[in-house]
Every structure is written in C-alpha cells, then in structure tokens.
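**Student:** With the input below, show me the fold.
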Amino acid sequence: MSGDGGGDGLVIGVDKDTGVAVLTLDRPEKLNAIDLGMAAELADAWREFRFDDTVRAIVVTGAGTRAFCTGIDRDVVVPQPGSPYMVDDPLVAIGPKANDLWKPVIAAVNGMACGGAFYLLGEAEFVVADEAATFFDPHTTYGMVSAYESIYMAQRMPFGEVARMALMGTAERVSARRAYEVGLVSELTADGEALEAAVDCAAVIASYPASAVQGTVRALWLAKEAARAQALTHAPQLVSLGNLPGERQRGLFTGRRPGFRLR
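**Tutor:** From the prediction side, this is the model:
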C-alpha cells in the first residue's frame, strides 16, 4: 500500500493498481478508541472517497492485535444541551453511509470490537474477522443506553443475539466463531490474517465495473433503509432519557468487575 494520507489517529493507504484503500484506526495504545480528532478524520475520509474515482473499494481495520476499536475514548468530554430533545453524538458521522458514500466497505476485525465500533461495523457491507476477535457492548454496565449500537447490530444479527449482547454488557463477549455462526462475520481467518483476507475480497470487487458495484451497494441498503432510518431517529432521545449522569457513569466504569464469559 502507498500512504496517501492520514493524520493523528487515522492512517490511509491507497493501492492505485487495485483501487483498494485501507483505513487504519491507529491508536493501538488506546485500543483504537475514537477521540474527536479521529471522528472528524473518518468523516472527512469517507467524504473524500466520494470524489476519488481511483478508489473503488475500502477496507477499515484497527492497528495492533488487541483491538479493532473500543468505541469512544473515555477521556473525551462532549458537552450536551440541556434538553432531552437535542443530543450531540460525536460518533454519529464516522461511518461511510452517514457520509453518503456508496462504495463497498469491508471491515477487518482483529481483537476487541465493542460499543462505538458498531457504528463502523454497522455501515460496512460485510465483516472479516480473525479467530481471536471478540464482540461486546458495554453500555448497560456503565449506565448508558445502547441505542445506536443496538440498532446497527439489529440489521446484521438475529434479534435475540443482539439483545443478549446489549443487555449482558461487559459480563460476556461474543467469540469470532459465534459471530460467524449468527451472521455478523462472513469469514473467519487465522489470527492476524483478517486484513489480508479483506483486502483480497476488496481487490476482487474493485476489479468489477464501478457503476454496477455501487448500484448493488445502494440496492442492498435500500432493502433495510426505512426501518433503520426510523429507528435511528429515536436513538438520541433514548440516550438522553436513559443515560446516567457522567459522574455516575465514571464511577461504574472505574468500579467494574474484571473477568467475562466468552461464548
């Protein structure tokens, strides 16, 4: 890959020969958690890809072996309006579909993918994961509503599996094998090989006529867009009404019990 861009937290590589771009969340020391700078970079990257006809397919992944992404950086402070009808979500525009990009996106998952990572997984066409990957949603454990995350996952997994993952919080993690069995993951690889497998898929897709590929992507999302859009309109109010105050959340986070069940 040739490095064609990126800044603090996000690295972008584009192979002009294959038409494949790789976006890497590059904060491994923070388990690739997303701060406000990275959130802005992601939105900018997806919008720029709309105008770059040399990029015909994209892979999104995380640096290191411990995590694909662990959602919002806990050190980020997001001031909120004093009304339950207005909520600022710093992750709401980090995905490709939120930025009107209809080129195919494949997620390559290594290590943990949890919470806000589902904004990215939920807007990818499909997910490739290595055997060591795990998936979980910590929101309820810390007194937070899993609204956007549950809505995104409800488009990709059976209802009962999404409900269990959201409600069990940090007590349980979904293994890559189980995620494959329920349809969240389309391909399992050996440890460390998810990115290569995803890039291989992306290269095949990028070799096809772009207009046909993008039309197919758009058709696929039209099949579920109405229900998804309707659900997402209610997410801000559910978060505003159900979340504990920040101090209570931080107390639950620092006092969390270690250990979890892998299934």
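
**Student:** residue boundaries of the strands in the stretch 101-250 of the chain?
**Tutor:** Secondary structure of the stretch 101-250 of the chain by DSSP state E, counting those that start in this stretch: the strands cover 105-109, 112-114, 126-130, 134-136, 172-175, 187-189.

**Student:** doesn't residue 81 make contact with residue 88?
**Tutor:** Yes: the pair residue 88 and residue 81 passes the contact test of C-beta atoms under 8 Å, sitting 7.1 Å apart. Quick note: C-beta positions are derived from backbone N, CA and C, even for glycine.

**Student:** Out of the strands of the stretch 101-250 of the chain, flag the one nearest residue 155.
**Tutor:** If you check each of the strands of the stretch 101-250 of the chain against residue 155 by C-beta to C-beta, strand 126-130 wins as the nearest, at 12.2 Å.

**Student:** The closest one pairs with which strands, and in what direction?
**Tutor:** Each strand paired with strand 126-130, and its direction, by DSSP bridges: strand 105-109 (parallel), strand 187-189 (parallel).

**Student:** Make JSON lines from these and add mean neighbour count and mean pLDDT to it.
**Tutor:** Output for the strands paired with strand 126-130, formatted as JSON lines (neighbours: other C-beta atoms under 10 Å; pLDDT from 0 to 100):
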{"stretch": "strand 105-109", "mean neighbour count": "28", "mean pLDDT": "98"}
{"stretch": "strand 187-189", "mean neighbour count": "20", "mean pLDDT": "98"}
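
**Student:** Using a markdown table, please lay out those together with distance to residue 58.
**Tutor:** Output for the strands paired with strand 126-130, formatted as a markdown table (distance: least, C-beta to C-beta, whole Å):
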| stretch | distance to residue 58 |
| --- | --- |
| strand 105-109 | 5 |
| strand 187-189 | 17 |
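
**Student:** so which of those gets nearest residue 120?
**Tutor:** Closest among those, using C-beta to C-beta: strand 105-109, at 6.3 Å.

**Student:** what's the model's confidence in stretch 232-241, averaged?
**Tutor:** The predicted model assigns stretch 232-241 a mean pLDDT of 85.

**Student:** Give me the contacts around that stretch.
**Tutor:** Here stretch 232-241 makes contact (C-beta atoms under 8 Å, 6 or more residues apart in numbering) with 80, 83-87, 89, 144-145, 147-148, 151.

**Student:** mind running it again at 7 Å?
**Tutor:** With C-beta atoms under 7 Å, 6 or more residues apart in numbering as the test, stretch 232-241 has contacts from 84-85, 87, 89, 145, 147-148, 151.

**Student:** how about that stretch: buried residues?
**Tutor:** 235-236, 238-240 (16 or more other C-beta atoms under 10 Å).

**Student:** next one: stretch 191-198 to chain centre, how far?
**Tutor:** Relative to its chain's centre, stretch 191-198 lies at 17 Å (C-alpha atoms, centre = their mean, to the nearest Å).

**Student:** Give me the below-cutoff pLDDT ranges for the chain.
**Tutor:** Within the chain, the ranges that satisfy pLDDT under 70 run 1-8.

**Student:** rewinding a little: out of the buried residues of stretch 232-241, which sit inside helices?
**Tutor:** Those of these mapping onto helices are 235-236, 238-240, per DSSP state H.

**Student:** hey, where'd the helices end up in the chain?
**Tutor:** Taking DSSP H, the helices of the chain run over residues 36-49, 117-121, 148-154, 159-168, 176-182, 194-206, 210-242, 246-254.

**Student:** Determine which stretch of the ones you listed is the most buried.
**Tutor:** Of the helices of the chain, the one with the most neighbours on average (mean count of other C-beta atoms under 10 Å) is helix 117-121, at a mean of 27.
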